[in-house]
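**Student:** Predicted model and sequence follow; I will ask about them next.
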Amino acid sequence: MRLGPWPRLNLVRNGVVAGLMAIVLCLGSVAAVSASLDFKLMAASAENLGEPHDIVLSPDGKRLMVADNENNRIAVLEAAAADLGLEPVRRQYLGLLGRRQIVSAELGGEARAPDGMVFENLRSVFSLLPEEHLWLANRAIQILEWDRDHQFCGRCRAVTENQHGERSKKCPRCGLSAYPRLSPAVIVLVERGDEILLARSPHFLPGVYSTLAGFVEPGETLEQTVAREIEEEVGVRVRDVRYFGSQPWPFPNSLMIGFRARHAGGDLVIDRTEIEDAGWFRADSLPKLPSSISIARALIEAFLAERR
Ligand SMILES: [Zn+2]
């Protein structure tokens, strides 16, 4: 399976601690944490929101309302949606940005953006949004999607109820609980001496090659997914699989888990149903690479940095 392009690489520094994640920005390698972002993702609903600052999503839940100004593509409003005359059908607490309480607001029906604002696809504004807005918008879209898709029990069709103290919905009839779903996927840089393995999918921009990626299957370890995906897609075996970093990806609910690995044997045999071309590349003869905000690019840059 091919995935991409990727949003900016983030690493969870301390893991999940009491439902609170500290996200730190890292570009280039796991050792190069360059900045700490001033937001905290909160798992539980806040009882008292005070004056919330909303991130507004379009009625289809996929587009973000941003200022209609190319130099100021903010997504977090300095107000609640209601202050702009909007009537959200669903809202979800997201966390803190500095001292501000951030809440997502999904519009319904034929709702339009007010004057001065416009709905944009998250992909198209990824590199334009302030870093904190980007990750909060990412979170908003995934949580709203879960909220919208689990209004009814998937087993018995009863109306679900939000649970207090955790982000879940429970069926009052049969007891089934639904949590926001993440679909983990591995992304791997395979190295063979001074060469790295890169491939391109037919839907990549012309000339761009990237690292291989694939979704984790139920029952698999991440290391098994790495081995299986690489062998399925290009026919080679890998060894020395090492964790690199991770990156959330909201289309629709992936978490990219990056690894580096070494070639252990096998010649390239390309699965043409998944990828168009693949090859071994030296540092001085690389093809066009994916965006600098991608974990794929960070994996490649880490390899290059070791050879400078
Ligand atoms: Zn049920």
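**Tutor:** Now that the structure is in, tell me what you want to look at.

**Student:** How about the residues of this structure by the ion?
**Tutor:** 153, 155-156, 158, 171, 173-174, 176 (Cβ under 5 Å from the ion). Every residue, glycine included, has its C-beta placed from N, CA and C.

**Student:** Including pLDDT and distance to Arg123, could these go into CSV?
**Tutor:** Shown next, in CSV, are the residues of the chain next to the ion (pLDDT from 0 to 100; distance: Cβ to Cβ, whole Å):
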residue, pLDDT, distance to Arg123
Cys153, 98, 32
Arg155, 97, 33
Cys156, 98, 36
Ala158, 98, 36
Cys171, 98, 34
Arg173, 98, 39
Cys174, 98, 37
Leu176, 97, 33
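
**Student:** Mark out where each domain of the chain begins and ends.
**Tutor:** 45-149, 151-181, 183-305 (automatic domain parsing).

**Student:** Report the rounded mean pLDDT for the longest one.
**Tutor:** What that stands for is domain 183-305. Taken as a whole, domain 183-305 has a mean pLDDT of 94.

**Student:** end-to-end on that domain?
**Tutor:** For domain 183-305, the separation between the terminal residues is 30 Å (Cα to Cα, to the nearest Å).

**Student:** For the stretch 151-300 of the chain, which segments are assigned as strands?
**Tutor:** 161-162, 169-170, 177-178, 183-192, 195-200, 212-215, 237-249, 254-265, 277-282 (DSSP state E, counting those that start in this stretch).

**Student:** now the ones you listed in JSON lines, with distance to Phe303 and mean neighbour count?
**Tutor:** Shown next, in JSON lines, are the strands of the stretch 151-300 of the chain (distance: least, Cβ to Cβ, whole Å; neighbours: other Cβ atoms under 10 Å):
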{"stretch": "strand 161-162", "distance to Phe303": "45", "mean neighbour count": "12"}
{"stretch": "strand 169-170", "distance to Phe303": "43", "mean neighbour count": "19"}
{"stretch": "strand 177-178", "distance to Phe303": "40", "mean neighbour count": "17"}
{"stretch": "strand 183-192", "distance to Phe303": "6", "mean neighbour count": "21"}
{"stretch": "strand 195-200", "distance to Phe303": "6", "mean neighbour count": "22"}
{"stretch": "strand 212-215", "distance to Phe303": "14", "mean neighbour count": "22"}
{"stretch": "strand 237-249", "distance to Phe303": "10", "mean neighbour count": "18"}
{"stretch": "strand 254-265", "distance to Phe303": "8", "mean neighbour count": "19"}
{"stretch": "strand 277-282", "distance to Phe303": "10", "mean neighbour count": "16"}
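
**Student:** Would you format the ones you listed as CSV with distance to Glu106 included?
**Tutor:** Putting the strands of the stretch 151-300 of the chain into CSV (distance: least, Cβ to Cβ, whole Å) gives the following:
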stretch, distance to Glu106
strand 161-162, 15
strand 169-170, 15
strand 177-178, 17
strand 183-192, 21
strand 195-200, 36
strand 212-215, 27
strand 237-249, 19
strand 254-265, 21
strand 277-282, 40
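
**Student:** residue of the stretch 1-150 of the chain with the smallest distance to the ion?
**Tutor:** Closest approach between the stretch 1-150 of the chain and the ion, counting by Cβ to the ion: His150, at 10.8 Å.

**Student:** can you pull the contacts of that residue?
**Tutor:** Residues in contact with His150 (Cβ atoms under 8 Å, 6 or more residues apart in numbering) are 160, 169, 178.

**Student:** ditto for Pro130
**Tutor:** Ile74.

**Student:** Mind jotting down where the helices sit in the stretch 51-200 of the chain?
**Tutor:** For the stretch 51-200 of the chain, applying DSSP state H, counting those that start in this stretch gives helices covering 122-125, 131-149.

**Student:** my read: Pro290 touches Gly207, true?
**Tutor:** No - taking contacts as Cβ atoms under 8 Å, Pro290 lies outside contact range of Gly207: 11.1 Å.

**Student:** Comparing the two, which residue is more hemmed in?
**Tutor:** In terms of neighbours (other Cβ atoms under 10 Å), Pro290 is the more surrounded of Pro290 and Gly207; the figures are 23 against 9.

**Student:** What are the buried residues along stretch 150-170?
**Tutor:** Within stretch 150-170, the residues scored as buried using 16 or more other Cβ atoms under 10 Å are 150, 153, 160, 167-170.

**Student:** Centre of the chain to that stretch, how far?
**Tutor:** 24 Å (Cα atoms, centre = their mean, to the nearest Å).

**Student:** Quick one: end-to-end distance for that stretch.
**Tutor:** OK, stretch 150-170 end separation, Cα to Cα: 9 Å.
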